[in-house]
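1. can't give you the sequence, but here's the structure:
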């Protein structure tokens, strides 16, 4: 068989599974399917794109791929930042755009049952209509729920509600062997065998593909307020976080934003926060804390408590933002990635370290960046110790060394390479180099158990990495 | 080699690893090592008991056991309810009594680093001294932290704080191959490869042994209060739970106790709750809700809100218990297992179902028990849908059929066999019979990857079960 005959034959087989209208191959494959939003993972157009409509079709596709040794990359909305949705040239993208239905929102059990293609924005709207919300809130609300399961997405509200793995209760998943399994369910806890739900979450499409996701919803509290406090140094901002947490106010957002990042997000989003010029010149970093409550008076009391705390701890000032300004700031902060990208950042990382290690991690990272002839600026989920750094360092080799040094630094402090973006293709070389080989060996065994033919996202997580 | 020569030789080798004082074999092995608290798993005295003092010794023991095909059962305090700490006759118990040190309590990061043998009561005391608490609170506070990791223990506070898997941030674990690995850490979130922490939690000693556990601590809130509300029917009690959760009061405990269980725990614990006789005669079930707050007035406000809610929903009365009575009731509820055991219960199960399925599950379970010539009474974590039933059904065969029918019933409602006790040896036959073979197959592959020689707790989870 010539290559193109084989492609035709596979294509016909795929059409048998999902219908001809939902199979694309070769030149008919759109460019979008070749990349996600990772800054340094080169786009690769896959040979096939299929759009299944049912879990059974997904399972059948995986069995077929296993039998025919076709690499498979799952794709939700393609908003990932680590290249886990970047396919291989001879591979197949399974796109979940035809499986984007909210199957059920159960108000009494406070759960939603979702097809993987459902977008977070749609889920938020649907849950909101019944007074509930899904708490996982990464910057990009066009992200699909399936994609967030793949990367174990986090976002700003994680300090109160946890990340994806704390909010997904159950999955239906297609295995590489063609089986469809159910894990967990609309239940609060399980101790009945290995927790496959947790294992699949964050596995970046390398173990199984979620075909249905059951998530926990929370009551949507009526009142919220945001405190913005400029400080003279980044260290002071990240240093105050344990005290903020210890108040017991259960903040829903605890972010730090350095001066350069604040300047670029306010400028690019045309945001006016009413901060006097003199103050803006002195402030090197900002603390952003949002609170929510079902009771207006309690909220006011808590905001007052926080106000005194930040004043005591050296805040240059503090502002309680009204609804509009608060939303604008949070939304600008969410767009920090795009701002950094527009500003020419060469890479974006999201290392996580113990909360109290943040000041040392940040100052040493900046020194490393300077020494490498670059810069590291950013913002992050201070409440979680999750530091988002935009790396400016155009030379590929210098940048690679810098990233390795920053990752090694944070790991030495008890941290991990990624808090919520995942390893994907962009960080797999560093992951391989810096991780205990015994850990990698166990992970490889797990991978082999799930995916004996090795068709699920080969090169992701265990790859040799992509040239920067 | 005769059997006894082999035992002597192995014993000498083990003494090389942990020191002669911490190796016992044959007749020197104490009876306690032969069982946990499962009601229907026959005690078996193991051939060897070793008490390592360091993680490295644990790892070396596992490598030795793998090389010599010796079954290994880990033991914390032996308080498990499913027989996962019941060893095999030719096996070795690794007891963690010499590894019971609190390594660190970090107030700013709100984490504790613990050796596996640390008891929950000691941890509670140590955390309390710095204004913090560990939220996992199963009935038995003599349980060890390592044991709770093995079973993914829950307890009454899970409705607010989650179960063990939501509160363990990282592990050091010994693998069957003799490697010591670290997973997670003192960090709030990780998206860097498969979550081995979550995989090991709840694996009942079949994948790896935790040699160090890093847990999340929470602020200890100053004020708490407990509402006790008798209802005419169990259905009303469990039916009101979604409304209790929906208030947003974030209750720390939401329990139901049926009349028979209330009678036996109050009687056996000599507990007076001040409930008038007439009311006691009418009440068929009780709702217990505990709230906590850092602010006295807010607590009072929330208790009032709950009081109106239960009144509206048909409570016969409601009592706000003062500190002493509340503690006494909660503590009596914790001892429900012992009360049921003393009352001659033939088995104890802890099925979990969706919250809203509880009324149907309870009433159908009772019917099944009656039809089998037995009875099912109990109490449970109503907020979690976690139903603890004491099964009275002395005939072993009838009981086995009854349990299978109850498990099948709950699974049909989207539930799981165990919410927090684990499968262990006591439920492995039902687990094997009722679980999707594709799920079992994946779990077996994982097991094989971690434990190629099959030495870690053989018979647990995947066993054929024990004769009742």
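-> That came through, no problem. In this text the structure is predicted, and so the values were computed from the model without any measurement. Numbers count the residues shown, from 1 in each chain, chains lettered A, B, ... in the order given.

2. How about the residue nearest the centre of chain A: what's its closest non-neighbour residue?
-> Nearest to the mean C-alpha position of chain A, counting by C-alpha atoms, centre = their mean, stands residue A:153 at 3.4 Å. Excluding its sequence neighbours, the residue lying closest to residue A:153 (C-beta to C-beta, 6 or more residues apart in numbering or on different chains) is residue A:138, at 4.6 Å. Glycine gets a C-beta too; all of them are placed from N, C-alpha and C.

3. got it, and residue A:211?
-> Residue nearest to residue A:211 in three dimensions, not counting chain neighbours: residue A:55, with 3.6 Å by C-beta to C-beta, 6+ apart.

4. Next: residue A:293.
-> If you skip the residues right next to it in sequence, residue A:293 has residue A:299 as its closest partner in space, 3.9 Å away by C-beta to C-beta, 6+ apart.

5. next one: residue A:403
-> Nearest residue to residue A:403 in three dimensions, chain neighbours excluded: residue A:430, at 6.1 Å (C-beta to C-beta, 6+ apart).

6. Go ahead and confirm that neighbour touches residue A:406.
-> No - the criterion here is C-beta atoms under 8 Å, and residue A:430 misses it with residue A:406 at 9.4 Å.

7. Which one's more surrounded, those two?
-> residue A:406 (25 against 22; other C-beta atoms under 10 Å in any protein chain shown).

8. list the buried ones in the helix or strand where that one lies?
-> Using DSSP states H and E, residue A:406 sits within helix A:396-412. Within helix A:396-412, the residues that qualify as buried by neighbour count (16 or more other C-beta atoms under 10 Å in any protein chain shown) are A:398, A:399, A:400, A:402, A:403, A:405, A:406, A:407, A:409, A:410, A:411.

9. ok, now which ones touch the fifth one?
-> By C-beta atoms under 8 Å, 6 or more residues apart in numbering or on different chains, the contact list for residue A:403 reads A:347, A:349, A:391, A:427, A:430.

10. Recalculate using a threshold of 7 Å.
-> Listed by C-beta atoms under 7 Å, 6 or more residues apart in numbering or on different chains, the contact set of residue A:403 reads A:347, A:349, A:391, A:430.

11. Show the contacting residues for the last one.
-> Going back to what we said before, that points to residue A:430. In this structure, residue A:430 makes contact with A:403, A:404, A:407, A:417, judged by C-beta under 7 Å, 6+ apart.

12. What residues of the helix or strand hosting it count as buried?
-> Using DSSP H and E, residue A:430 sits within helix A:428-434. Neighbour counts over helix A:428-434 (16+ other C-beta under 10 Å) mark A:428, A:429, A:430, A:431, A:432, A:434 as buried.

13. Could you tell me how far that helix lies from the centre of the chain?
-> Distance of helix A:428-434 from the chain centroid (C-alpha atoms, centre = their mean, to the nearest Å) equals 19 Å.

14. Enumerate the residues of the stretch 101-250 of chain A near chain B.
-> Within the stretch 101-250 of chain A, the positions adjacent to chain B are A:108-110, A:151-152, A:154, A:158, A:163, A:165-166, A:175, A:179, A:181, A:185-196, A:198-199, A:202-203, A:219, A:221, A:242, A:245-246, A:248 by C-beta under 7 Å from any C-beta of the partner chain.

15. Sitting in helices, which of those residues do you find?
-> Applying DSSP state H to these, the entries found in helices are A:151, A:158, A:165, A:166, A:196, A:198, A:199, A:242, A:245, A:246.

16. Could you tell me how many residues sit around the third one?
-> Counted by other C-beta under 10 Å, the residues lying close to residue A:165 total 25.

17. In space, what's closest to it - neighbours in sequence excluded?
-> residue A:201 (4.6 Å).

18. just the last one next, same as before
-> In space, and not counting its chain neighbours, residue A:246 is closest to residue B:219: 6.1 Å by C-beta to C-beta, 6+ apart.

19. With residue B:134 as the reference, measure out to the one you found.
-> Between residue B:219 and residue B:134 the computed distance is 12 Å (C-beta to C-beta, to the nearest Å).

20. Those two: which has the busier surroundings?
-> When residue B:219 and residue B:134 are compared on other C-beta under 10 Å, the one with more neighbours turns out to be residue B:134, at 26 against 16.

21. nearest spatial neighbour of the more buried one, skipping sequence neighbours?
-> residue B:123 (5.2 Å).

22. Okay then, goodbye and thanks.
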